[in-house]
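K.L.:
Provided below for reference: sequence and predicted model.
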Amino acid sequence: MSLSESLQERWYQERSPLWWTLPLAALYGFIVHLRGAMYRHGWKRSEEIPIPVIVVGNITAGGAGKTPLVIAMVEALRANGFKAGVISRGYGGNAQKPMLLGDHPDPREAGDEPVLIRLRTRVPVAVGHDRPAAARLLIDQDVDAIVADDGLQHYALARDIEICVIDGARRFGNGRLLPAGPLREPTSRLDQVDFVVCNGGDPRRGEIPMRLRGETVRNLRDDSIRPLDEFARARVHAVAGIGNPLRFFDTLREHGVDPVEHAFPDHHAYDARDLEFGDALPVLMTEKDAVKCGAFAREGWWSVPVAADLPASFFDALAQRLRPGSRGR
């Protein structure tokens, strides 16, 4: 078991933290508090841009469902008459400076999540470690709103709306800060955001429920679409390199699929050898993994796209906050 796996096991399975993580968590907490204070007191300044910015993030390490939410938000904003663009750090990509994604982006350069967002939505997407610089690239793209994917802790860019996504199944684990627990920030941070979205599980009072739907599969070779239920009672290799692979495996089981589980690290850079399983069983993978495997895909490899379902009232409230005269949090 790797160190990362050992830590996560303790975070979410009610086991005591490793002793050496406790002083590190205290130091991390001090740094988080100091950094926040520097922005609150004006010692460091957030850069304002002339169009509204919506930040989507979470307060735990690992995936919580931010990318499906960003896609759903972009599509809902488009239906409400907005032209949104997306910025992302581009984690896992090797781009050295902020860049706009083209029509056929390379995940090795831009990262898997921005590529997925670009391919699904076809809206302007910019990546860069410098989020204000990435946001400036979108201003010339005729967008009237910017959605920042995974930017809750990145205060260099001013924001008008903050949305925190919670993994409804795992929630906050043992409630401790990294590395003793999964928290990037204390849970009190939730009191400062505009919306808390709960992905799966049982949402608590004030949380907006979100469910991920995966009902079809797409062939990586020819883009043909089939119902996921066609794989019911079939044994398949299930590949997931996301923050919480178990969510993907459980989705397959809910559709009657019998998965042989292959969990990879989040943002894993695949090569063909990773998926050599020595048999002819179908391979089903997350859409985020599929954008990195298309170049060497074989027959019988399928992605499972998911869509985020949220109450229409959430999207209506979001659009209303972006109307002229509503800006200025």
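P.N.:
All right, it came through fine.

K.L.:
just the helices from the stretch 51-200 of the chain, written as ranges.
P.N.:
Per DSSP state H, counting those that start in this stretch, the stretch 51-200 of the chain carries helices over the ranges 66-79, 107-110, 112-121, 131-139.

K.L.:
which of the ones you listed sits closest to Gly206?
P.N.:
Nearest to Gly206, of all the helices of the stretch 51-200 of the chain, is helix 66-79, at 17.0 Å by C-beta to C-beta. All C-beta spots, glycine's among them, are computed from the backbone N, C-alpha and C.

K.L.:
which strands or helices does the closest one pack on?
P.N.:
Applying 3 or more C-beta pairs under 8 Å, 6 or more residues apart in numbering; DSSP states H and E, one finds that helix 66-79 makes contact with strand 53-57, strand 84-88, helix 112-121, strand 145-149, strand 161-167, strand 307-309, helix 312-322.

K.L.:
could you check the angle strand 145-149 makes with that helix?
P.N.:
170 degrees (axes from the mean of the first three to the mean of the last three C-alpha atoms, to 10 degrees).

K.L.:
how many degrees apart are helix 66-79 and helix 112-121 in direction?
P.N.:
Going by the same axes, to 10 degrees, helix 66-79 makes 30 degrees with helix 112-121.

K.L.:
list the buried residues of helix 66-79.
P.N.:
Lys66, Thr67, Pro68, Leu69, Val70, Ile71, Ala72, Met73, Val74, Glu75, Ala76, Leu77 (16 or more other C-beta atoms under 10 Å).

K.L.:
for stretch 81-98, same thing?
P.N.:
Buried residues in stretch 81-98 (16+ other C-beta under 10 Å): 82, 84-93, 95, 98.

K.L.:
which one, of the helices and strands packed on helix 66-79, ends up nearest to Phe277?
P.N.:
Using C-beta to C-beta, the helices and strands packed on helix 66-79 put helix 112-121 closest to Phe277, at 21.4 Å.

K.L.:
the residue nearest to Pro259 when sequence neighbours are not counted: neighbouring residues, count only.
P.N.:
Distances taken as C-beta to C-beta, 6 or more residues apart in numbering place Ala238 nearest to Pro259, at 3.5 Å, with adjacent residues excluded. Look at Ala238: counted by other C-beta atoms under 10 Å, it has 24 neighbours.

K.L.:
Ala238 belongs to a helix?
P.N.:
No: counting by DSSP: H, G, I helix; E, B strand; the rest coil, one finds Ala238 to be strand, located in no helix.

K.L.:
from Asp103, how far out is the residue nearest to Pro107 when sequence neighbours are not counted?
P.N.:
Counting by C-beta to C-beta, 6+ apart, Val115 is the residue found nearest to Pro107 once chain neighbours are left out, at 4.5 Å. Applying C-beta to C-beta, to the nearest Å, the value for Val115 to Asp103 is 11 Å.

K.L.:
one step back: what's around the residue nearest to Pro107, how many residues?
P.N.:
26.

K.L.:
give the contact list for it.
P.N.:
Leu101, Pro105, Asp106, Pro107, Val291 (C-beta atoms under 8 Å, 6 or more residues apart in numbering).

K.L.:
which regions of this protein sit below the pLDDT cut-off?
P.N.:
Where the chain drops to pLDDT under 70, the residues are 1, 325-329.

K.L.:
regarding it, what is its longest helix?
P.N.:
helix 21-40 (DSSP state H).

K.L.:
may I see the buried residues of that one?
P.N.:
Thr21, Ala25, Tyr28, Gly29, Val32, Gly36.

K.L.:
same list, these, but as CSV with distance to Leu137 please.
P.N.:
Below are these laid out as CSV (distance: C-beta to C-beta, whole Å):
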residue, distance to Leu137
Thr21, 39
Ala25, 36
Tyr28, 32
Gly29, 34
Val32, 29
Gly36, 27
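
K.L.:
what is the nearest of those to Arg176?
P.N.:
Ala25 (5.8 Å).
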